[in-house]
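Undergrad: coords below, sequence missing:
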């Protein structure tokens, strides 16, 4: 041990200069002298790595006498970082020194910031130390009042530790969740969500842990915009096999979401899920049943219509369920021309995907021909009759539907007259092929098929 004379193995040339000087500085024991000690010990270790045991003995002796001066302890972390970078095999010794610092740390944000960062680096250098470093993180959290930037570093450190040593993932993520429950400073920011989003890519087996944490966040934080906007789309892109779990998180969030605007991103994300795993389309519609009940923002319904169009293209057998969601959306849509035009136009795709639903679609449009939405409903009827005349004819010939069909065509003619559309004729239902230009008559630029896609 360094006292008045120092004996460092293999460092005889330093004994007279460094040894006596370090011993003298220890007796002074102020911030300036301690900073000098840490620097000198680092230099000794760089020049003679085999002196690590004695260097760290002296280093820790200095730490125990350090009165928690921010400047000297800040220097300590810098020196420890340098030591670890130069020799990762010293991770266990660096960890022991950090433990001494944490015992005297009085919750200085800056110092805890350094501590958490160093514990992550120790874990990355020697993953087998994950259990011990996690215990030290917990020790730091016991004194951390969750009021500053130091607390936020936990969000990035714990996932890195889990990736380094998945064996301790359950314990690590349990700590993560407990910390989140007490955090009133950072838990409502995108940083929390993003800190975990790359974990499933690095360790797919940890995806369940990540989603479990997300659900924990939702329990006390209803604003999940960042989850829909960035985090889950990236997870879905990196791990398409996790689409069902992403959908499960969305389903949970739907019941907790207090931000209507966020639903717009939900519909985009649900559309990506349908494209990634078409077999999940049925479950996506289940989630939409919930979202449509919560959706108080008419503008987001425009995105609903796009999603429904994607679903019916991908899974035509779900057309009847898609139609029911359309019905709900169109009845509650208060967003005016842009949204309603898109809704009725895309509704016509249901009739194409499932011709036997033509009657239901036409009935829905007919019911809206006398209201404020008559122009949009009329376009839906026009699209269907011009592009699916056989199905409309069959609908008219079906028992019990003739009267309704005639009503539709009668109302169609009335609306056309009101809209100053000339040459209105019910013959459009069964047009002559040579007289009907199906590629140009349907709304221009509304989709090559003539349907609302």
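TA: Cool, the structure landed. Nothing here was measured: the structure is a model prediction, and the numbers come from that model.

Undergrad: Would you mark the buried spots in stretch 241-260?
TA: Using 16 or more other C-beta atoms under 10 Å as the test for burial, stretch 241-260 gives 242-243, 245-247, 249-250, 252-254, 256-257. Heads up, the C-betas are built off the backbone N, CA and C, glycines and all.

Undergrad: So which of those sits lowest on pLDDT?
TA: Scanning the buried residues of stretch 241-260 for pLDDT, the low point is residue 257. It has 61.

Undergrad: Could you export the buried residues of stretch 241-260 as JSON lines, including distance to residue 230 and secondary structure?
TA: Below are the buried residues of stretch 241-260 laid out as JSON lines (distance: C-beta to C-beta, whole Å; DSSP: H, G, I helix; E, B strand; the rest coil):
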{"residue": "242", "distance to residue 230": "16", "secondary structure": "helix"}
{"residue": "243", "distance to residue 230": "17", "secondary structure": "helix"}
{"residue": "245", "distance to residue 230": "17", "secondary structure": "helix"}
{"residue": "246", "distance to residue 230": "13", "secondary structure": "helix"}
{"residue": "247", "distance to residue 230": "17", "secondary structure": "helix"}
{"residue": "249", "distance to residue 230": "14", "secondary structure": "helix"}
{"residue": "250", "distance to residue 230": "14", "secondary structure": "helix"}
{"residue": "252", "distance to residue 230": "18", "secondary structure": "helix"}
{"residue": "253", "distance to residue 230": "14", "secondary structure": "helix"}
{"residue": "254", "distance to residue 230": "18", "secondary structure": "helix"}
{"residue": "256", "distance to residue 230": "18", "secondary structure": "coil"}
{"residue": "257", "distance to residue 230": "16", "secondary structure": "coil"}
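
Undergrad: wait, doesn't residue 269 sit right on residue 235?
TA: No. The criterion here is C-beta atoms under 8 Å, and residue 269 misses it with residue 235 at 10.3 Å.

Undergrad: Need the residues touching each of the two.
TA: Both residue 269 and residue 235 are in contact with residue 246, where contact means C-beta atoms under 8 Å, 6 or more residues apart in numbering.

Undergrad: With neighbour numbers in mind, choose between those two.
TA: Set residue 269 next to residue 235 and count neighbours by other C-beta atoms under 10 Å: residue 235 wins out with 27 against 22.

Undergrad: tell me which residues in the host helix or strand of that one are buried?
TA: Counting by DSSP states H and E, the element that carries residue 235 is helix 232-238. By neighbour count on 16+ other C-beta under 10 Å, the buried set for helix 232-238 is 232-233, 235-236.

Undergrad: Tell me which two in the residues you listed are the farthest apart.
TA: Taking C-beta to C-beta as the measure, the buried residues of helix 232-238 span a maximum distance of 7.4 Å, between 233 and 235.

Undergrad: what's the distance between the nearest residue to residue 309 once chain neighbours are set aside and residue 287?
TA: The shortest distance from residue 309 to any non-neighbouring residue, by C-beta to C-beta, 6 or more residues apart in numbering, is to residue 346 (4.5 Å). In this view, residue 346 and residue 287 are 19 Å apart by C-beta to C-beta, to the nearest Å.

Undergrad: So between the two, which is more surrounded?
TA: It is residue 346, of residue 346 and residue 287, that has more neighbours when counted by other C-beta under 10 Å, with 27 against 20.

Undergrad: That one: which element?
TA: helix 337-353.

Undergrad: So which elements touch that helix?
TA: Counting contacts by 3 or more C-beta pairs under 8 Å, 6 or more residues apart in numbering; DSSP states H and E, helix 337-353 packs against helix 301-314, helix 319-332, helix 358-367, helix 374-387.

Undergrad: Out of the buried residues of helix 232-238, flag the one nearest to residue 122.
TA: For those, the closest approach to residue 122 (C-beta to C-beta) belongs to residue 235, at 27.8 Å.

Undergrad: Looks like residue 39 contacts residue 79 (just checking).
TA: Yes. Look at residue 39 against residue 79 with C-beta under 8 Å: they come within range, at 6.7 Å.

Undergrad: what about those two, which has more around it?
TA: Shown here are residue 39 and residue 79; by other C-beta under 10 Å, residue 79 has more neighbours (22 against 14).

Undergrad: And whichever strand or helix holds that one, what's buried?
TA: Assigned by DSSP H and E, residue 79 falls within helix 70-86. Within helix 70-86, the residues that count as buried by 16+ other C-beta under 10 Å are 72-80, 82-84.

Undergrad: Need the worst-confidence member of these.
TA: Within the buried residues of helix 70-86, the minimum per-residue pLDDT falls on residue 72 (76).
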